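Colleague: need a 3D model of the sequence below.
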Amino acid sequence: MAEEIRAEMVANVWKVEKAVGDTVADGDTLVILESMKMEIPVVAEIDGVVAQIAVNEGDVVQEGDLIAVVE
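Modeller: Numbers count the residues shown, from 1 in each chain. Just a heads-up that it's a prediction; the model follows:
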């Protein structure tokens, strides 16, 4: 079953840590967001493989925007 990971707030995409095809474990950082000079890690909530990274470094995400999909 695929897990969609979505932004919880408006933020800038500071760093993309994983790529499509990477194996991840529950708690691994996928992307780091930056908001108000704070770094917010976006983590996988299941073990699996990254099926999609929907953002690029420098993008601005809105609350609810798709960040990644882990299968």
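
Colleague: what ranges do the strands span in this structure?
Modeller: Taking DSSP state E, the strands of the chain run over residues 3-6, 11-16, 23-24, 29-35, 38-43, 48-53, 60-61, 66-70.

Colleague: make CSV out of those strands and add mean neighbour count and mean pLDDT.
Modeller: To be clear about C-beta, it is placed using only N, CA and C from the backbone, and glycine gets the same treatment. Compiled in CSV, the strands of the chain are given as follows (neighbours: other CB atoms under 10 Å; pLDDT from 0 to 100):
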stretch, mean neighbour count, mean pLDDT
strand 3-6, 15, 96
strand 11-16, 18, 98
strand 23-24, 16, 98
strand 29-35, 18, 97
strand 38-43, 14, 97
strand 48-53, 17, 98
strand 60-61, 18, 98
strand 66-70, 20, 98
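
Colleague: show me what contacts I67?
Modeller: With contact taken as CB atoms under 8 Å, 6 or more residues apart in numbering, I67 is in contact with 5-7, 30-31, 42, 53-55, 61.

Colleague: 10 Å - rerun?
Modeller: Contact analysis of I67 by CB atoms under 10 Å, 6 or more residues apart in numbering lists 4-8, 11, 13, 16, 30-31, 33, 42, 52-55, 59, 61.

Colleague: any idea how far the spatially closest residue to it that is not a sequence neighbour is from K37?
Modeller: Of all residues not flanking I67 in the chain, I5 sits nearest, at 4.9 Å (CB to CB, 6 or more residues apart in numbering). The spacing between I5 and K37, counted by CB to CB, to the nearest Å, is 23 Å.

Colleague: again, but for A11
Modeller: 11 Å.

Colleague: same check on D28?
Modeller: Distance, D28 to K37, using CB to CB: 24 Å.

Colleague: the two: who's more crowded?
Modeller: Counted by other CB atoms under 10 Å, D28 and K37 do not tie: D28 has more neighbours, with 18 against 5.

Colleague: which ones are touching the residue nearest to the more buried one when sequence neighbours are not counted?
Modeller: Closest residue to D28 apart from its sequence neighbours, by CB to CB, 6+ apart: A44 at 5.0 Å. Neighbour list for A44: 3, 5, 18, 22-30, 50, 68, 70 [criterion: CB under 10 Å, 6+ apart].
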